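Asks: here are the coordinates; sequence isn't available:
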Ligand SMILES: Cc1ncc(COP(=O)(O)O)c(C=O)c1O
């Protein structure tokens, strides 16, 4: 396993201790990552030097314009596209609702909208409501309940010449499943549909190649990628210009992507986001082998190193969890298929209520989530929604093998 432990010193929150004086094990990475020191400094630097709205005839306003441009370049390097395709907003959910509201006007009765049972509700509900308001027909893509992977036959069955929108996730925030996205996008595009992919969970664990993927729209939340609370879309330019967003009158004169950014943006968070992407690039230079000196190549190298480390964490967790009496796990459990999952695990201990397990872990300084984590269709389909969902243990690149062992030991005790 590649040793990334030196990177932990960059994250002040990871040094926080619990009541017993031990460091906390904050293993809720799918809920949001912690941030490195440079991100914290970048956000406060924006406040210290003076904040301002954009487009004023004075220095702090010009600086804000530079921050926004730098954030678009950072977003482009993170997802593999052009800065002109990057849109920012409060969070991914708001941005997806924003696009869905605009799409509603181009849908008609008889049109079909395809969503999946693997997705977070942020990439389900906006499209369900758009279909409802336009009188379009909804088609659901099922999962294989055995290993919580996307049912590709069901995906293909849902597509037709009437399909106008296909929305699916690159990775499940509930069970960690990575979908075979390239093939799915290709098949969806053959129908001529608009394809929206949710990369919010995926982005923490693997490099995204938006331009190569060929989707029309991709959502990422910088706060899952070691940056501040913020939402981001990458969008094919055609989409940005074809769809007509609800907007204030002055925004009619704005070119894309600004036309899509309603109201004053969080410029200080954008400055923090630039530092987050620079952190990834630095990790790529230190632990990976970038193909060239570009930040994009460095980001890719970082995720190659992170992927290797995280596969080691996943193997350790899955091997250890298999030994826990009464332990049940949903998602890919086969250690020969680690490329098909992130280190996000949905588990239960016998009949113990997930909230009870999460509370007991919390008392031991181990922070995990419980419930459905907004992946509501998934937990309903798995038959877990009514009885408390599952406990989610989620690792990322800054977690160590010792933390995996600590979680496993605690689960053993509680089983
Ligand atoms: C897979 C996935 N999609 C979408 C979202 C929603 O993102 P945001 O919190 O930025 O609205 C989340 C949030 O947890 C998520 O995990």
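Replies: Looks like it came in fine. Given the structure is predicted, the values throughout are model-derived calculations rather than measurements. Numbering: from 1, shown residues only.
Asks: show me which residues of the stretch 151-300 of the chain sit near the ligand.
Replies: Among all residues of the stretch 151-300 of the chain, those adjacent to the ligand (criterion: Cβ under 6 Å from any ligand atom) are 169, 173, 198, 200-201, 221, 231. C-betas here are computed from N, CA, C, even on glycine.
Asks: export the residues you listed to CSV and tack on secondary structure?
Replies: Conversion of these to CSV gives the following (DSSP: H, G, I helix; E, B strand; the rest coil):
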residue, secondary structure
169, strand
173, coil
198, strand
200, coil
201, coil
221, coil
231, strand
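Asks: chain center to the helix or strand encompassing residue 378, what's the gap?
Replies: Element membership of residue 378 [criterion: DSSP states H and E] is helix 376-381. On the basis of Cα atoms, centre = their mean, to the nearest Å, helix 376-381 sits 18 Å off its chain's mean C-alpha point.
Asks: not counting the helix or strand just after it itself, show me its contacts.
Replies: Toward the C-terminus, helix 376-381 is succeeded by strand 390-394 as the next helix or strand (DSSP H and E). Strand 390-394 is touched from outside by 27-31, 174, 176, 317, 330, 342-349, 354, 357-358, 361, 368-370, 373, 379, 384, 407, with contacts defined as Cβ atoms under 8 Å, 6 or more residues apart in numbering.
Asks: which of the residues of the stretch 151-300 of the chain next to the ligand are buried?
Replies: Judged by neighbour count, with 16 or more other Cβ atoms under 10 Å as the criterion, the buried members of those are 169, 173, 198, 200-201, 221, 231.
Asks: in the stretch 301-415 of the chain, what residue lies closest to the ligand?
Replies: The shortest separation between the stretch 301-415 of the chain and the ligand is 6.2 Å, found at residue 374 (distances taken as Cβ to the nearest ligand atom).
Asks: just to revisit the earlier point, quick check, nearest of the residues of the stretch 151-300 of the chain next to the ligand to residue 275?
Replies: Nearest to residue 275, judged by Cβ to Cβ, of these is residue 221 at 16.2 Å.
Asks: test my guess that that closest one contacts residue 91.
Replies: Yes - Residue 221 is in contact with residue 91 according to Cβ atoms under 8 Å; the separation is 6.0 Å.
Asks: okay, and the common contacts of these two?
Replies: Residues touching both residue 221 and residue 91 by Cβ under 8 Å, 6+ apart: 229-231.
Asks: where does the stretch 301-415 of the chain have low pLDDT?
Replies: Within the stretch 301-415 of the chain, no stretch has pLDDT under 70.
Asks: re earlier: Serialize the buried ones among the residues of the stretch 151-300 of the chain next to the ligand to JSON lines and add fields for pLDDT and distance to residue 305.
Replies: Formatted as JSON lines, the entries for these read as follows, by pLDDT from 0 to 100; distance: Cβ to Cβ, whole Å:
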{"residue": "169", "pLDDT": "99", "distance to residue 305": "24"}
{"residue": "173", "pLDDT": "98", "distance to residue 305": "22"}
{"residue": "198", "pLDDT": "98", "distance to residue 305": "24"}
{"residue": "200", "pLDDT": "98", "distance to residue 305": "21"}
{"residue": "201", "pLDDT": "98", "distance to residue 305": "19"}
{"residue": "221", "pLDDT": "98", "distance to residue 305": "22"}
{"residue": "231", "pLDDT": "98", "distance to residue 305": "26"}
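Asks: just the element for residue 345, please.
Replies: Using DSSP H and E, residue 345 sits in strand 344-349.
Asks: so which elements touch that strand?
Replies: Packing partners of strand 344-349 (3 or more Cβ pairs under 8 Å, 6 or more residues apart in numbering; DSSP states H and E): helix 295-321, strand 327-330, helix 354-363, strand 390-394, helix 401-414.
Asks: adjacent strands (with direction) for that strand?
Replies: Paired neighbours of strand 344-349 in the sheet (DSSP bridges): strand 327-330 (antiparallel), strand 390-394 (antiparallel).
Asks: could you pull up the residues touching the residue in the stretch 201-350 of the chain positioned nearest to the ligand?
Replies: Closest approach between the stretch 201-350 of the chain and the ligand, counting by Cβ to the nearest ligand atom: residue 221, at 3.4 Å. With Cβ under 8 Å, 6+ apart as the criterion, the residues that contact residue 221 are 91-92, 200, 203, 229-232.
Asks: per-residue pLDDT of residue 237, please?
Replies: Model confidence at residue 237, given as pLDDT, is 79.
Asks: so who does it touch?
Replies: Taking Cβ under 8 Å, 6+ apart, one finds 84-85, 256 in contact with residue 237.
Asks: from the middle of its chain, how far away would the strand holding residue 345 be?
Replies: With Cα atoms, centre = their mean as the basis, strand 344-349 stands 19 Å off its chain's centre.
Asks: what angle separates that strand from helix 295-321?
Replies: With axes from the mean of the first three to the mean of the last three Cα atoms, to 10 degrees applied, the angle from strand 344-349 to helix 295-321 works out at 20 degrees.
Asks: got the contact list for strand 344-349?
Replies: Surrounding strand 344-349, the residues in contact under the criterion Cβ under 8 Å, 6+ apart are 29-30, 148, 172-176, 201, 317-318, 321, 324, 326-331, 354, 357, 384, 389-395, 411, 414-415.
Asks: quick one, what contacts the residue nearest to residue 214 when sequence neighbours are not counted?
Replies: In this structure, residue 214 finds its nearest non-sequential neighbour in residue 185, 5.1 Å apart by Cβ to Cβ, 6 or more residues apart in numbering. Shown here is residue 185, whose contacts under the criterion Cβ under 8 Å, 6+ apart are 195, 197, 213-215.
Asks: if we use 7 Å, what do you get?
Replies: If a contact means Cβ atoms under 7 Å, 6 or more residues apart in numbering, then residue 185 has 195, 213-215 as its contacts.
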